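Novice: Sharing a model that was predicted from the sequence below.
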Amino acid sequence: PRTLCITLDDAILDKDCGKTFLDLMGKAGPGGNTVVMAGYIAKEYLLMQERANNAKELQEKGVDIDLSGRYDPYLSILPWERGMNGQEHVLFWEDAKVDKFLKNTMCYDETVALRAEVNLAIKVLDGIIGPSIRKARGETKFGWLAWEKLTASGPPSEFVEGLPEAVKGAFVSLLTRSFQDSSEDCLDPTNADTNDTEDDEEDKDDAKDDDDDDDDAEKLVPLLDMLQHSISPNVKHAMRISDGMVEVRARTDLKAGTELLNQYRSEEEEGTMPKHRFFSRFGFVPGIRMEELPDLMEDKSSFFYPQRAEV
């Protein structure tokens, strides 16, 4: 159900930051929706940690109370650091590793630009969601001084503790797991023929997967985002117009125990999602094991390096 999906509506209706998020969307231009979504998700993740700490302290005092928020169970399984749930992504890498493995590859410039955009977003979002996090942690502000924790000594760090990592993790989740939240991706129940031809479905998918310049709103859909990618997916999905429910259907008859496979993007369309872009966007290359990637980069594979055509 839509109420369990994290959407842009959640961000702009947030009681602490919603108005500022809305202002940011109006000023940021293309990509503003993603920045706002990342800020909201990072904020909720950091507040989840504080709620968990508070609940633990209360339990130690003999008070058993559930302080968890609506999205806490889902947030707890998102990839907030490299390797969590097997997630790899260039946003988790150190600068030295980016230069070592990606310099001169076709995804280097895109990777560097993406990391720069996320670093800028961290600075902007620190000023928007930072006060809510500091308040939850029992921090306060003294006159013209910077935020300081009541029990801390010495100057505060540049950013709220844990915020840069949380924002990076939120961007990784949006880049690798989000789905467009637009009317183009809706299912009309009055025309929901389960025998749609494969060509019709592929045309619909292609329309939905146009290049990333479109600043459509995004949503995170629990469970659906856990499906692995396949060039030959066995399910399709759409949002019902009537109630916003995300509906998943099998493309063909499936036997019990069959793994459900989705298609993130079509890697066959070299113009929109070649394999090097698959890596910088999703953190993997279809059909290649993660442990093989360093060797492919060192061997200057055509997946990553431009090739000279024979004449």
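Specialist: Here it is on my side, so go on.

Novice: Check residue 307 and give its pLDDT.
Specialist: For residue 307, the model assigns a pLDDT of 61.

Novice: now do the same end-to-end measure for stretch 10-28.
Specialist: This stretch, stretch 10-28, spans 19 Å end to end (CA to CA, to the nearest Å).

Novice: any weak-confidence spans in the stretch 51-200 of the chain?
Specialist: Applying pLDDT under 70 to the stretch 51-200 of the chain flags the ranges 140-157, 182-200.

Novice: which residues in it form helices?
Specialist: Assigned by DSSP state H, counting those that start in this stretch, the stretch 51-200 of the chain shows helices spanning 72-75, 95-102, 108-136, 163-177, 198-208.

Novice: can you check the stretch 201-311 of the chain too?
Specialist: 275-282, 293-298.

Novice: any chance of those helices in a markdown table, with distance to residue 26, mean pLDDT and mean neighbour count too?
Specialist: The way it works is simple: take the backbone N, C-alpha and C, and place the C-beta from them, glycine included. What follows is the helices of the stretch 201-311 of the chain, written out as a markdown table (distance: least, CB to CB, whole Å; pLDDT from 0 to 100; neighbours: other CB atoms under 10 Å):
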| stretch | distance to residue 26 | mean pLDDT | mean neighbour count |
| --- | --- | --- | --- |
| helix 275-282 | 26 | 84 | 21 |
| helix 293-298 | 40 | 79 | 15 |
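
Novice: Save these as TSV, and put in distance to residue 304 too.
Specialist: Listed next are the helices of the stretch 201-311 of the chain as TSV, based on distance: least, CB to CB, whole Å:
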stretch	distance to residue 304
helix 275-282	5
helix 293-298	6
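
Novice: what's the closest non-adjacent residue to residue 178?
Specialist: Among residues not flanking residue 178 along the chain, residue 218 sits closest, at 4.0 Å (CB to CB, 6 or more residues apart in numbering).

Novice: Count the neighbours of the nearest residue to residue 77 once chain neighbours are set aside for me.
Specialist: Once flanking residues are discounted, residue 77 sits nearest to residue 85: 6.8 Å by CB to CB, 6+ apart. Applying other CB atoms under 10 Å, we find 9 residues neighbouring residue 85.

Novice: now residue 34
Specialist: Residues near residue 34, counting by other CB under 10 Å, number 24.

Novice: orientation of the one helix or strand it maps to relative to helix 163-177 in degrees?
Specialist: Element membership for residue 34, per DSSP states H and E: helix 32-60. If you take axes from the mean of the first three to the mean of the last three CA atoms, to 10 degrees, helix 32-60 sits at 120 degrees to helix 163-177.

Novice: what's the angle between helix 32-60 and helix 108-136?
Specialist: 40 degrees.

Novice: Check which residues of helix 32-60 are buried.
Specialist: Within helix 32-60, the residues scored as buried using 16 or more other CB atoms under 10 Å are 32-51, 55.
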